[in-house]
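**Student:** Quick check, what structure comes out for this input:
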Amino acid sequence: MDVGKSRICDFVIGGGDLLSLMYLHRGLNKIVKNNLNGGISMARKFITSLTVLLVLLMVSSGTIYAATYLGYGWPSKTIPIKTYSYNDRWQIPMNAAVSSWNNAGAKIKFNKSSSSSNTITAAQYSYTDYGRNYATYSGKNLKSFRIELNSRTISADAKNFLNFVQSTFVHELGHSIWLADNPSTSSASIMKHSRNRNTMIKPQTFDINNVKAKY
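**Tutor:** Residues are numbered from 1 along each chain as shown. Model (predicted):
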């Protein structure tokens with residue numbers, strides 16, 4: 001769902017590895033102090049080297065994509081969407097949105113197919129969101145989805161119409177490949193409600209890496 005205001009979403013980063021490294025450091029510190037009799041200088045050098053190593057390991061293990069994932073996603077790298085046809089005002093930015101994901105290097109590809117049950121519509125809807133993605137899923141497997149682009153709210157708020165449509169559609173497509181709204185990160189993300197839809201029109205590095213982690 002693409003709305004104008006941000007919502008708070010939770011995310012979890014595994015911290016067990018960091019805690020284990022801290023306990024390992026403390027234990028080795030004691031061992032060195034107890035066994036290097038008289039070798040104070042050597043002990044200090046050893047502890048310093050060990051500390052640097054552990055810090056590097058902690059930084060490395062802590063560099064995890066802080067994604068906010070949905071509980072489901074399309075089960076394969078190729079996602080069919082039903083062929084749609086609109087005038088150029090809509091068709092151009094909608095096609096650009098599909099191409100943005102297909103050319104992002106995220107390991108996935110959206111293919112248009114007349115037989116697909118995954119529909120895309122642009123029309124006037126009474127709700128205030130810019131777009132919605134209605135999903136049908138079983139367990140973790142997304143079975144089908146329906147994306148709606150709200151021409152009423154987009155037309156009212158867009159300063160750059162083509163960019164606004166593309167940004168909204170890229171966002172809604174992201175929901176079909178595991179991505180949830182508002183990841184808790186300082187990185188730029190197409191999944192943030194607070195993004196500038198007039199200028200951010202493609203999946204960002206953060207989004208791409210999170211999709212790649214799923215496929």
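**Student:** Name the helix or strand of the protein that has the lowest mean pLDDT.
**Tutor:** helix 16-35 (a mean of 42; mean pLDDT, DSSP states H and E).
**Student:** So for stretch 90-103, mean pLDDT?
**Tutor:** For stretch 90-103, mean pLDDT is 98.
**Student:** Same question for stretch 72-84.
**Tutor:** Mean predicted lDDT for stretch 72-84 stands at 98.
**Student:** Quick check: Ala104 touching Ile208?
**Tutor:** Yes - counting by Cβ atoms under 8 Å, Ala104 does reach Ile208; the two are 5.1 Å apart. The C-beta positions use only the backbone N, C-alpha and C, and glycine is treated the same way.
**Student:** And the longest strand seen in the chain, what does it pack against?
**Tutor:** In the chain, taking DSSP state E as the definition, the longest strand is strand 141-150. Packing partners of strand 141-150 (3 or more Cβ pairs under 8 Å, 6 or more residues apart in numbering; DSSP states H and E): strand 119-123, strand 131-138, helix 161-175.
**Student:** right, and the ones you listed - which one's nearest Met94?
**Tutor:** Minimum separation from Met94 across the helices and strands packed on strand 141-150 (Cβ to Cβ) falls at helix 161-175, 5.5 Å.
**Student:** Give me the mean pLDDT for that closest one.
**Tutor:** 98.
**Student:** quick one: buried residues of that helix?
**Tutor:** 162-175 (16 or more other Cβ atoms under 10 Å).
**Student:** swap in stretch 106-118?
**Tutor:** Here stretch 106-118 shows 106, 108, 110, 116, 118 as buried, counting by 16+ other Cβ under 10 Å.
**Student:** Touching the host helix or strand of Phe206 from outside, list them.
**Tutor:** Remark: Phe206 resides in helix 205-214, with elements defined by DSSP states H and E. Helix 205-214 is contacted from outside by 65, 67, 69, 73, 104-108, 174, 177-179, 183, 185, 187-191, 203, using Cβ atoms under 8 Å, 6 or more residues apart in numbering.
**Student:** at 10 Å what do you get?
**Tutor:** Residues from elsewhere that reach helix 205-214 (Cβ atoms under 10 Å, 6 or more residues apart in numbering): 64-69, 73-74, 77, 101, 104-108, 170-171, 174, 177-180, 183, 185-192, 202-204.
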